[in-house]
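> next one to model:
(chains A, B and C)
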Amino acid sequence: MVKKLFVPLVVVGAAMFAYAPFMILAAPYESTMGLVQKIFYFHASCGMAMFLASFVSGVGSAAFLFTKKPWADRWAVAGAEATVIIGLLVLVTGPLWAHKAWGVWWTWDVRITATFVMWMTFNAYLLVRRYGGPGSERLAAAVALFGMANVPFVYWSVNVWRTLHPKTSVIPTLQPGMRGTFWFCVCAFLLLTTVMVMLRSELEKRRQELDALYLAAED
Amino acid sequence: MTGFARAVWVITRKDLLVEARTREIFFTTAFFALACVLVFAFGFVQQGRAVGDVAAGILWIAIAFSGTLALGRAFERERHGETLRALLIAPIDRPALYVGKLIGILILMAAVEVIVVPLVALMFQAALFDHALLMLGLLAAGTVGFAAVGTLFAAMLVRARSRDVMLPVLLYPITVPVIIAGVRGTAALLQPEGGVPMARAWLAMLVFFDVVFITLALWTFEPVMTE
Amino acid sequence: MKRSLMLALFVLTLAAPALAQTPPPSKPAAQDGFVPVDAPVTGQDTIPAPRLVAIAYGFIWVVIFGYVWSVRSRLAHVERELEAVSRRVPERK
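Numbers count the residues shown, from 1 in each chain, chains lettered A, B, ... in the order given. Coordinates of the predicted model:
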């Protein structure tokens, strides 16, 4: 089922991405920030996509730890890699926007800090898988699980520690012309994330088959 | 005593006995914490006075760094003597193994904090003991949270390569709420007035964190440690 | 010869702290007014907005294409290896 969905998803996703820049150019200028605000369409979409990818990895990790099924591990590692890549996009486009909008490259406010912590957690996941030696899939799964359980605590503590980033309510107050473009970009990125995770988990499946085949060949 | 409690007691007692004979981890960890305090003092003390809430930050950074070291050393000892495998084969509940190691680490870190906390209060003129009970509560809850996650990860990494560097890389992002709560709670207590309700809120969050993460660790210890 | 050179070097290094005792330069009065920016400030930066937008979008495209390309090439590599090994397995059995 998953394989059959893959090609249509790629086609739709690519089409959406091809169309997105036109929508973004046509969207109205925001009154105080001007042109720079247009980074927001991709930046916020990447944020949501990162959340989706981390959720996939967290659920996959939990499933892998308690059921030991190989598909769970595949989704866990695919989600983790996607989280790191898309998180990198969020953490780079954010400061580029903030430089113009707020005059500073980085502030330690809730959303930014929590995103950074999540990104570090999933970097740790990938490092454990790569350099952890045998049995590192389970160690990494525990890291992902703890990382996801950590999210509400990180948000609460960083929120009480600091308060700059537009709150979630900025989306309902978007002008109608912007709202359509925004949700279009969100959908495009969610599709892209799904495609990336599917592709990566396919790679992992092939690798598992290869390992099994090597073991069989040694008999 | 139930079987679980007895197993926990045996493991904790073993760790404490071994440590009491050499006191190796205790001394090295305590002096490392002092070295941390020294180095951070150079960064943050201007003209003889500490800048702002620096004492709170330095205290908790010293606890985090020295705690990481103590965790690494404690499990290195297990790896060296191949005792971890023996413990895993032993007919005890896996969670009992986790709790036993955790209590051992907690006692060790408490011993180090007994030295470091008064010294930080002295060196940075920080009135850490004005609200002694709350301060103790923050220290206890923060140390438990840090050690709970740290014991699980250190046990996981015993057989891994690059385990010395991997432990901080895994531990620090997960214990970010503990560090924030510890530092901000301590800083709230250091304020001349009005910081107590804030410190209580941080303490409540720490206790909640401890409960959630000890439960998670007990749950995942078994699947993570089995081959 | 070597020993006297070493001695000269040693004496010079001892003199260094004496030379370092120069008094710190007094700050000009006009500079005392500088206050670091704390609150958000708009519009007084040097990088023009179109460049920031272009860098942002360019970065996104590069990273996404780079990642997808990397996954596809790793996939092709593994599939080639799979074929090679699966040819060996029937031969052995």
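
> B:Leu69 and B:Thr28 touch, don't they?
Yes: the criterion here is CB atoms under 8 Å, and B:Leu69 meets it with B:Thr28 at 7.4 Å. From N, CA and C alone the C-beta is placed, and that goes for glycine too.

> chain center to whatever helix or strand B:Ala204 lives in, what's the gap?
Using DSSP states H and E, B:Ala204 sits in helix B:196-225. Chain-centre distance of helix B:196-225: 13 Å, with CA atoms, centre = their mean, to the nearest Å.

> do any residues in that helix lie close to chain A?
Yes: judged by CB under 8 Å from any CB of the partner chain, helix B:196-225 comes into contact with chain A through B:201-202, B:205, B:208-209, B:212-213, B:216, B:220, B:223-224.

> buried residues of that helix, list them for me.
Buried residues in helix B:196-225, defined by neighbour count with 16 or more other CB atoms under 10 Å in any protein chain shown: B:198-203, B:205-210, B:212-214, B:216-221, B:223-225.

> check stretch A:92-110 too.
A:92-102, A:104, A:109-110.

> before we move on, back to that, between B:Leu69 and B:Thr28, who's got more neighbours?
B:Leu69 (20 against 15; other CB atoms under 10 Å in any protein chain shown).

> for chain C, which helix or strand comes out least confident on mean pLDDT?
Sorting the helices and strands of chain C by mean pLDDT, DSSP states H and E puts helix C:2-19 at the bottom, at a mean of 67.

> how about chain B?
Min over SSEs of chain B, mean pLDDT, DSSP H and E: strand B:49-50 (a mean of 70).

> check which element follows it along the chain.
Later in the chain than strand B:49-50, the nearest helix or strand by DSSP H and E is helix B:54-80.

> who does that following helix touch, helix- and strand-wise?
In terms of contacts (3 or more CB pairs under 8 Å, 6 or more residues apart in numbering or on different chains; DSSP states H and E), helix B:54-80 is packed against helix B:24-44, helix B:83-89, helix B:94-123, helix B:132-157, helix B:163-174, helix B:176-190.

> buried ones in that helix?
For helix B:54-80, by 16+ other CB under 10 Å, it's B:54-75, B:77-78.

> what do you get for stretch B:27-41?
B:29-30, B:32-34, B:36-37, B:40-41.

> CSV for these, including pLDDT and distance to chain C?
Below are the buried residues of stretch B:27-41 laid out as CSV (pLDDT from 0 to 100; distance: CB to the nearest CB, whole Å):
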residue, pLDDT, distance to chain C
B:Thr29, 91, 36
B:Ala30, 92, 34
B:Phe32, 92, 31
B:Ala33, 93, 32
B:Leu34, 91, 28
B:Cys36, 90, 28
B:Val37, 89, 28
B:Phe40, 87, 22
B:Ala41, 85, 22
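
> and of those, the nearest to chain A?
B:Phe40 (18.9 Å; CB to the nearest CB).

> please name the nearest non-neighbouring residue to the residue nearest the centre of chain A.
Centroid check for chain A by CA atoms, centre = their mean gives A:Met50 as the closest residue, at 1.7 Å. Nearest residue to A:Met50, sequence neighbours excluded (CB to CB, 6 or more residues apart in numbering or on different chains): A:Ile86, at 4.4 Å.

> chain A contacts on chain B?
Residues of chain B lying close to chain A by CB under 8 Å from any CB are B:149, B:152-153, B:156-157, B:159-162, B:166, B:169-170, B:172-174, B:176-177, B:180-181, B:184, B:201-202, B:205, B:208-209, B:212-213, B:216, B:220, B:223-224, B:227.

> which helices and strands sit right next to the helix or strand hosting A:Val10?
Assigned by DSSP H and E, A:Val10 belongs to helix A:2-26. Where contact means 3+ CB pairs under 8 Å, 6+ apart, helix A:2-26 is packed against helix A:176-217.

> buried residues, stretch A:149-162. List them.
A:149-151, A:153-158, A:160-161.

> can I get these in JSON lines with pLDDT and secondary structure?
Shown next, in JSON lines, are the buried residues of stretch A:149-162 (pLDDT from 0 to 100; DSSP: H, G, I helix; E, B strand; the rest coil):
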{"residue": "A:Ala149", "pLDDT": "92", "secondary structure": "helix"}
{"residue": "A:Asn150", "pLDDT": "91", "secondary structure": "helix"}
{"residue": "A:Val151", "pLDDT": "89", "secondary structure": "helix"}
{"residue": "A:Phe153", "pLDDT": "89", "secondary structure": "helix"}
{"residue": "A:Val154", "pLDDT": "88", "secondary structure": "helix"}
{"residue": "A:Tyr155", "pLDDT": "85", "secondary structure": "helix"}
{"residue": "A:Trp156", "pLDDT": "85", "secondary structure": "helix"}
{"residue": "A:Ser157", "pLDDT": "83", "secondary structure": "helix"}
{"residue": "A:Val158", "pLDDT": "83", "secondary structure": "helix"}
{"residue": "A:Val160", "pLDDT": "80", "secondary structure": "helix"}
{"residue": "A:Trp161", "pLDDT": "78", "secondary structure": "helix"}
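
> and these near chain B, which?
Counting by CB under 8 Å from any CB, A:149-150, A:153-154, A:156-158, A:160-161 from these sit close to chain B.

> B:Arg6: which of those is nearest?
Distance to B:Arg6 across those (CB to CB) is lowest for A:Ala149, with 30.3 Å.

> now the closest one: closest residue in space that isn't a chain neighbour?
With CB to CB, 6+ apart, the residue lying closest to A:Ala149 is B:Leu216, at 5.8 Å.

> my read is that that neighbour contacts A:Phe146, right?
Yes: B:Leu216 lies in contact with A:Phe146 (CB under 8 Å); the separation is 6.4 Å.

> touching both of those two, which residues are there?
The overlap between the contact sets of B:Leu216 and A:Phe146 (CB atoms under 8 Å, 6 or more residues apart in numbering or on different chains) is empty.

> packing partners of the longest helix anywhere in chain C?
In terms of residue count, the longest helix belonging to chain C (DSSP state H) is helix C:49-92. Contact partners of helix C:49-92 among helices and strands, from 3+ CB pairs under 8 Å, 6+ apart: helix A:39-67, helix A:70-101, helix A:176-217.

> any chance of the ones you listed in TSV, plus mean pLDDT and distance to A:Met16?
Shown next, in TSV, are the helices and strands packed on helix C:49-92 (pLDDT from 0 to 100; distance: least, CB to CB, whole Å):
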stretch	mean pLDDT	distance to A:Met16
helix A:39-67	91	11
helix A:70-101	91	16
helix A:176-217	86	4
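
> which of these sits closest to B:Gln125?
Short answer: helix A:70-101, nearest of the helices and strands packed on helix C:49-92 by CB to CB, at 37.1 Å.

> got the angle for the closest one vs helix A:39-67?
Angle of helix A:70-101 versus helix A:39-67, following axes from the mean of the first three to the mean of the last three CA atoms, to 10 degrees, is 160 degrees.

> angle of helix A:70-101 against helix A:2-26?
Going by the same axes, to 10 degrees, helix A:70-101 makes 10 degrees with helix A:2-26.

> which other helices and strands does helix A:70-101 contact?
The criterion is 3+ CB pairs under 8 Å, 6+ apart, and the helices and strands that helix A:70-101 contacts are helix A:39-67, helix A:110-131, helix A:136-161, helix A:176-217, helix C:49-92.

> which neighbouring elements make contact with the first one?
With contacts defined as 3+ CB pairs under 8 Å, 6+ apart, the packing partners of helix A:39-67 are helix A:70-101, helix A:110-131, helix A:136-161, helix A:176-217, helix B:196-225, helix C:49-92.

> could you rerun that using 10 Å?
helix A:2-26, helix A:70-101, helix A:110-131, helix A:136-161, helix A:176-217, helix B:196-225, helix C:49-92 (3 or more CB pairs under 10 Å, 6 or more residues apart in numbering or on different chains; DSSP states H and E).

> any weak-confidence spans in chain B?
Within chain B, the stretches with pLDDT under 70 are B:1, B:50-52, B:227.

> can you rerun that using 80?
B:1, B:45-53, B:80-82, B:84-85, B:161-162, B:192-194, B:226-227 (pLDDT under 80).

> just give the number of residues close to the residue nearest to A:Leu88 when sequence neighbours are not counted.
Distances taken as CB to CB, 6+ apart put C:Val63 closest to A:Leu88, at 6.4 Å, once the chain neighbours are dropped. Close neighbours of C:Val63, defined as other CB under 10 Å, add up to 15.
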